[in-house]
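Trainee: quick one, structure for this:
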Amino acid sequence: MVNTFKSLGVDSFLVKGLKALAISIPTDIQTKVIPVVLNQMEDVVGIAKTGTGKTAAFGLPLLQKINVENNDVQAIVLAPTRELGQQIYKNLTDFAKFKPEISITSTCGGIPIKPQIERLKEPTHIIVATPGRLIDLMERKAVALSNASYLVIDEADEMVTILKEGLDTILKGLPNKRRTFLFTATLSGEIKQLVQNYLAKKVVHIEVDMATLGHQGIDHQYVVVQPEEKLNVLMHFLTSKEGQRGIIFCKTKAAVNKLAKNLAINKFSSGALHGSLSQPIRDRIMDQFRAGHINILVATDLAARGIDVKEIEYVVQYHLPDTFDAYVHRSGRTARAGAKGLSLSVIQQDEVLDIPELEDELGITFSEMPKADAWSIEENNAKLWAKQIFKTKPNQHISEAFKTDIKTIFHHLTKDELVDKLLAHHLGQPKTLAPNEDDLKKKKKKKH
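Mentor: The predicted model follows:
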């Protein structure tokens, strides 16, 4: 028998809100977590990747447990980035659409604090926050958490350092008698230490298919390149995925900026995302990506948290991550909500040895993507060059007399002849890389 949210004990006002979102069947993590949060008293550690429905897993029972007659803050949800915090806030608001008396607010960093302080003067039941901003509000005496019953730590493995520094401060403002729900994609030693230090002695551990954690529906591939051809191979791949949405991961902010600049020069529909960008710029880029105005995000690991976009067809590891956990998070950006996706790692020869380690540690299988040959790369670069010309704005300061002189030079050429000459000039002569038509015909005859 298929589980329904009603059979899990979810109230009708929430079921109605889910129906408005076209959500009717609980995911695995929801099926396992919701009854525990609703009916038991223990703390919970949930292990599942982003995209499996964790927000509804903790959000639905939390919303159901809110006492609207009590104006105190009753639940706090911590997220590593403002983007993820905003996404959680939107999800909770959507779930509670048919019970507007539940008051939810987002108090994340990166934007002015004064409006948040003013908002917190109003009755508030649930606060979604980044740890740093919440601590700032506590130090300013702008928020009281002494009557809160629930603390949710989402994506804990993405904010271990922040939590180590600030969780003590946050917990001092919370009552000892509270329930804590911690969610993570990976159960590292540092996360185990957090659980031991800050959660109750009796904890319910809930895992979602850890044997294939975060990799269902993902095709893992790698392509081996020389350093000097890495960008050209990437651009050839991106051309083959034109019209699809994807994320390219780099290790550093400088690498993100450099790659994004190269993609922009070659007229790819792309944007950069990293922590040094101002919040308004990050918001604008994310809005453009969600709306489909740009198809490619070039991002660092942390900046890509909170990208809850289902239609991401591929991710590219332009640089391999330093940890297995990071690979799980990166590849988990695609193949969300049951869809299929591709995770491509662009690696150099000395990194090939890292592939078996990833396979063994994560229980996945990689296949090697054949590298585009030299002529295919040359052709693709010529197409990108042609796009640059097509998208170049005319220079209004060129005199008509000069333009007439240039037109006179090309006057007797047809359009096809002009294109042939432009390509010959761009690609150079002779075309030693171009496949010879006579050779191709001979090969076909041999096959037959």
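Trainee: pull the helix or strand with minimum mean pLDDT from the chain.
Mentor: helix 437-447 (a mean of 48; mean pLDDT, DSSP states H and E).
Trainee: what comes up buried for the longest helix along the chain?
Mentor: Longest helix in the chain, counting residues (DSSP state H): helix 374-390. Neighbour-count burial for helix 374-390, counted by 16 or more other CB atoms under 10 Å, picks out S376, I377, E378, E379, N380, N381, L384, W385. C-betas here are computed from N, CA, C, even on glycine.
Trainee: same question, stretch 358-367
Mentor: L358, L362, I364.
Trainee: how about the residue lying closest to the first one once chain neighbours are set aside, what does it touch?
Mentor: Looking back up the chat, that one is L358. Leaving aside its chain neighbours, L358 sits nearest to Y327 (6.1 Å; criterion: CB to CB, 6 or more residues apart in numbering). Residues near Y327 by CB atoms under 8 Å, 6 or more residues apart in numbering: Q317, L320, P321, L358, L362.
Trainee: show me where the chain has strands.
Mentor: 43-47, 75-78, 104-107, 126-129, 150-153, 179-184, 203-207, 218-224, 246-249, 270-273, 296-299, 314-317, 341-347, 366-368 (DSSP state E).
Trainee: pop the domain breakdown of this protein in here.
Mentor: Using automatic domain parsing, the domain ranges for the chain come out as 12-208, 218-374, 393-447.
Trainee: dump the ones you listed into a markdown table; add distance to F5 as well.
Mentor: Listed next are those as a markdown table, based on distance: least, CB to CB, whole Å:
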| stretch | distance to F5 |
| --- | --- |
| domain 12-208 | 5 |
| domain 218-374 | 16 |
| domain 393-447 | 53 |
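Trainee: nearest to K6 among these would be which one?
Mentor: domain 12-208 (5.6 Å; CB to CB).
Trainee: pLDDT value on the closest residue to E155 other than its chain neighbours, please?
Mentor: Of all residues not flanking E155 in the chain, P80 sits nearest, at 5.1 Å (CB to CB, 6+ apart). Per-residue pLDDT puts P80 at 87.
Trainee: ok so, going back, the strands of the chain: which one's closest to A142?
Mentor: Nearest of the strands of the chain (CB to CB): strand 104-107, 8.9 Å.
Trainee: that closest one: partners in the sheet, and parallel or antiparallel?
Mentor: strand 126-129 (parallel) (DSSP bridges).
Trainee: any idea how far the partner strand is from the chain center?
Mentor: Once both centres are worked out by CA atoms, centre = their mean, to the nearest Å, strand 126-129 turns out to sit 21 Å from its chain's centre.
Trainee: can you redo the contacts of Y327 as TSV with distance to K202?
Mentor: Formatted as TSV, these follow (distance: CB to CB, whole Å):
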residue	distance to K202
Q317	39
L320	39
P321	34
L358	35
L362	30
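Trainee: among those residues, which ones are in helices?
Mentor: Reading helices off the contacts of Y327 with DSSP H, I get L358, L362.
Trainee: where does the stretch 251-400 of the chain have low pLDDT?
Mentor: Scanning the stretch 251-400 of the chain for pLDDT under 70 picks out 303-308, 310, 336-338.
Trainee: give me the nearest residue to H319, chain neighbours excluded.
Mentor: K251 is the one closest to H319 (CB to CB, 6+ apart), at 4.3 Å.
Trainee: wait, I meant V36
Mentor: Closest to V36 by CB to CB, 6+ apart is V204, at 5.4 Å.
Trainee: residues in contact with that neighbour?
Mentor: V36, Q40, E42, D43, V44, V45.
Trainee: got the confidence number for the fifth one?
Mentor: In this model, V44 is scored at 96, pLDDT.
Trainee: how many neighbours does the spatially closest residue to it that is not a sequence neighbour have?
Mentor: Spatial nearest neighbour of V44, excluding adjacent residues (CB to CB, 6+ apart): F181 at 4.6 Å. As a burial measure, F181 scores 27 neighbours (other CB atoms under 10 Å).
Trainee: hey, what's F181 bridged with?
Mentor: V44, V152.
Trainee: and it, how far from S343?
Mentor: Counting by CB to CB, to the nearest Å, the gap from F181 to S343 is 29 Å.
Trainee: what sits against the residue nearest to V44?
Mentor: F181 neighbours (CB under 8 Å, 6+ apart): V33, V37, D43, V44, G46, F58, Y150, L151, V152, I153.
Trainee: at 6 Å instead, please
Mentor: V44, F58, V152 (CB atoms under 6 Å, 6 or more residues apart in numbering).
Trainee: quick one: contacts for the second one?
Mentor: It stands for F58. V152, F181.
Trainee: could you redo the last one with a cut-off of 7 Å?
Mentor: For F58, the contact set (CB atoms under 7 Å, 6 or more residues apart in numbering) comprises V33, V37, V152, F181, F183.
Trainee: so what's the residue count around the first one?
Mentor: Right, the one you point to is V33. 28.
Trainee: that one contacts I47, doesn't it?
Mentor: No. Between V33 and I47 there is no contact under CB atoms under 7 Å: 10.7 Å.
Trainee: now do the shared contacts for those two.
Mentor: Common contacts of V33 and I47 (CB under 7 Å, 6+ apart): I206.
Trainee: give the buried residues for stretch 99-108.
Mentor: K99, I102, S103, I104, T105, S106, T107, C108.
Trainee: ok, the second one to I117 distance?
Mentor: As for I102, its distance to I117 is 21 Å (criterion: CB to CB).
Trainee: the fourth one now?
Mentor: Counting by CB to CB, the gap from I104 to I117 is 17 Å.
Trainee: same question for the first one.
Mentor: Distance check for K99 against I117: by CB to CB, it reads 26 Å.
Trainee: likewise the fifth one?
Mentor: When distances are taken as CB to CB, T105 and I117 turn out to be 11 Å apart.
Trainee: same deal with the third one?
Mentor: Counting by CB to CB, the gap from S103 to I117 is 16 Å.
Trainee: on that earlier part again, would CSV of the contacts of V204 with neighbour count and distance to K90 be doable?
Mentor: Below are those laid out as CSV (neighbours: other CB atoms under 10 Å; distance: CB to CB, whole Å):
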residue, neighbour count, distance to K90
V36, 18, 25
Q40, 12, 28
E42, 16, 29
D43, 21, 26
V44, 23, 23
V45, 23, 25
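Trainee: and those, which two are the farthest apart?
Mentor: Farthest pair in the contacts of V204 (CB to CB) is Q40 and V45. Separation: 13.4 Å.
Trainee: poorly predicted segments of the stretch 1-150 of the chain, please.
Mentor: Residues of the stretch 1-150 of the chain that meet the cut-off, pLDDT under 70, sit at 1-2, 50.
Trainee: all helices of it, in order?
Mentor: 12-20, 28-39, 54-65, 82-95, 114-119, 131-139 (DSSP state H, counting those that start in this stretch).
Trainee: in a markdown table: the contacts of V204, plus distance to L62.
Mentor: Shown next, in a markdown table, are the contacts of V204 (distance: CB to CB, whole Å):
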| residue | distance to L62 |
| --- | --- |
| V36 | 13 |
| Q40 | 14 |
| E42 | 15 |
| D43 | 14 |
| V44 | 12 |
| V45 | 16 |
